[in-house]
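*Asks:* I'd like to go over a predicted model; first the sequence, then the structure.
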Amino acid sequence: MICVLLVDDDQELTEMLSQYLAREGFEATAVHTGEEGEVEALSGRYSIVVLDVMLPQRSGIEVLRRIRAVSQVPVVLLTARGDNIDRITGLELGADDYVPKPSSPGELVARLRAIMRRVQPVGQPLTEVIKTGALVLWPGKRQALWSGVELGLTSTEFSLLEELARNAGQVVSKKDLSLNALGCPLTRYDRRIDVHISSIRQKLGPRLDTKAWIQSVRGLGYLLIAE
Amino acid sequence: MTRPSLLFWKLFLAFWLATTLTFLVGVGVLELSRFRPSDPHVEAILAAETGLLERVGVDAAGQLLTVWERPPDENIGVYDSNGHLILGSPVEQPTYERAVTSKEGLALSIRSTHAPGNVPGRPWHQIPLLIGTLMSALFSGYMAYYLAWPLAYLRRAMSDVAQGRFETRVKPAMGKRRDEIVDLAEDCDRMANQLKVLVQAQQHLLHDISHELRSPLTRMQAAIGLLRQDPARMEMLERIEHESERMDTLIEALLTLARLQGRPESIEREPVDIIELLTMIVEDAQFEAGIKGCRVHLQACPPFIACVSGELLYRCFENVIRNAVRYTRPDTTVLVSARINPDASRLAVAISDHGPGVDNDRLHSIFQPFERGAGDTSVGFGLGLAIAARAVQMHGGSIVARNESGGGLTVEVNLHNARSLHDITLA
């Protein structure tokens, strides 16, 4: 059973979503304020958090910022359709994905499943190691070391870096990244990958020649420089 | 300034033409006063004198000058080759001089103080003329620039504003200048600021509206999802119906609000007894209050007839009274008291509940659209009081909210019995 935390001030909605998620094999708990949401999300009881951006008093973005300060628990944002600023800010702050409001609960479940597949990969031996340059990845443990230092990646960032590391030195198209790392096909005007990559770049830091470790190849995709 | 404006050239040409013409006319008058028209008298005398000298001799010519009745300021003299006067009167400053050889063979010259016409006077002085024209061009250029520059700047600023850059400010660019153009610039700045506030309010409102419409839509999506999962859950259909009704109510309220954004002249008015109106609303509200175990009590007064839109005021009082019923504690009374002032020109309706009241800093903002009680997400949209406030303002009245010392909120509506639109605009 996957435990989901719903943070949304709309009580009728969370009640219906809880029922829906229950039938899809999730166990959902709902809270209705940002403060409660933050406390619950950090309690360690939940595998994934669904966070509404438009919360009264403490906004969802602020709650996300506070969660990310201490925890890498996967977070899916519920944002208003068309509110791109919320989306980009959310992704930059380390949200794993977003679901526009209004959209069907089926869409939400699909996104949750995609993230859970990444976090709990089935059939991957815990001992598998990917090494390229200073980077060491253990996909089974979702652990990433960079020159021996833990990178602190979110699950989405880990999946993207894993995909790039498996093909180190080669260009991986955004289409493949979206399918293999995010678990959904690339849509038009989709900025998710770019935002996540920019976040990973910051965590890796610059190379000696001041270039980034992950290069963007215009029109093609991204490339992790192999040493 | 990138390129001199059309106005600059017009002003420049106008000033230049005006100053140059004035200058030229002045010079012309001066020249004309110096110029004597051709004098037939002098001309005839000079011709005769010359003829006599050439054909008859010095004596005859001398006799002519002696018998000539000369005007006091006209002198004609005949000088010999040594410059000695031999005939006539002395001419100090000749404007006419002609060499003649007399019958006797003497080389003489006839001098006259007055020219016989067609004789070029002193040449016009071209240098001062040129300087004058140039100076006037400089002056005109400066004046035209002084007037046209701020206008050109103002124009560009306005086109900036028209393109939505409301932070454009003109006044600072005007420097220390003080005149009507600067006043205009100030007005433009004020207008830009007002536009900015209005546009922001509109965007805010639009944002709120879309959020409010999205919430029922999201719940509908969730209900549809549940129905898909389990087609037996027919109660979800009711839920969808309920949400669509909510959206309809919201749209209705928004349209009312939009109608109330117009000018006071735009609503239809008729004489309405407001006390009768209140009685009707209170009766309707009794039912709703009864469910909660509350009462609504009306302290009425004699009829107060005013020329108003009955429908809008009905909505206004209904919203305020139903709001009071919603927030008042169970088993309390909502008091609606109407008072008319001594000269019967104004009506004050106070609606008091026994609810939690509102924070003092929100007493004004509760009349803004989409402002509603904290933690109050399920009931209403926060449009009721906004509609009430706009409706009262459209009738030239006022609406205020205050917390009562004993707890509870009082909303007071003040109206006057304007019988015509004229009274409303006066109020």
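*Replies:* Okay, I see it.
*Asks:* show me the contacts for the residue nearest to the spatial centre of chain A.
*Replies:* Closest to where the C-alpha atoms of chain A average out (Cα atoms, centre = their mean) is A:D96, at 1.9 Å. Applying Cβ atoms under 8 Å, 6 or more residues apart in numbering or on different chains to A:D96 gives the contacts A:74-76, A:115, A:154-156. All C-beta atoms are positioned from the backbone trio N, CA, C, and that covers glycine.
*Asks:* what are the bridge partners for the closest residue to B:Q286 other than its chain neighbours, then?
*Replies:* Once flanking residues are discounted, B:Q286 sits nearest to B:V296: 5.4 Å by Cβ to Cβ, 6 or more residues apart in numbering or on different chains. B:V296 has the following beta-bridge partners by DSSP bridges: B:V334.
*Asks:* Can you verify my assumption that B:V296 contacts B:L278?
*Replies:* No - using Cβ atoms under 8 Å, B:V296 makes no contact with B:L278, being 10.3 Å away.
*Asks:* what is in contact with those two at once?
*Replies:* With Cβ under 8 Å, 6+ apart as the test, B:V296 and B:L278 both reach B:V336.
*Asks:* now chain B, which segments are flagged as low pLDDT?
*Replies:* Applying pLDDT under 70 to chain B flags residues B:1-4, B:34-40, B:116-125, B:372-380, B:418-427.
*Asks:* near chain A, which residues of it?
*Replies:* B:210-211, B:214-215, B:217-226, B:228-230, B:239, B:374-375, B:377-378 (Cβ under 8 Å from any Cβ of the partner chain).
*Asks:* how about the closest residue to chain A within the stretch 51-200 of chain B, phi and psi?
*Replies:* Closest residue of the stretch 51-200 of chain B to chain A, Cβ to the nearest Cβ: B:Q200 (15.8 Å). When read as degrees, to the nearest 10, the backbone of B:Q200 gives phi -60, psi -40.
*Asks:* how deep is it tucked in, by neighbour count?
*Replies:* 11 (other Cβ atoms under 10 Å in any protein chain shown).
*Asks:* now swap in B:D331 and tell me
*Replies:* There are 10 residues near B:D331, going by other Cβ under 10 Å.
*Asks:* how about the residues of chain A that lie near chain B?
*Replies:* Listed as neighbours of chain B in chain A under the rule Cβ under 8 Å from any Cβ: A:9-13, A:16-17, A:19-20, A:23-24, A:54, A:56, A:80-82, A:101-106.
*Asks:* now do 6 Å
*Replies:* A:9-10, A:12-13, A:16-17, A:19-20, A:23, A:101-102, A:104-106 (Cβ under 6 Å from any Cβ of the partner chain).
*Asks:* could I get those as TSV with secondary structure and pLDDT?
*Replies:* Converted to TSV, the residues of chain A next to chain B look like this (DSSP: H, G, I helix; E, B strand; the rest coil; pLDDT from 0 to 100):
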residue	secondary structure	pLDDT
A:D9	coil	87
A:D10	coil	87
A:E12	helix	89
A:L13	helix	91
A:M16	helix	93
A:L17	helix	93
A:Q19	helix	93
A:Y20	helix	93
A:R23	helix	90
A:K101	strand	86
A:P102	coil	86
A:S104	coil	89
A:P105	helix	92
A:G106	helix	92
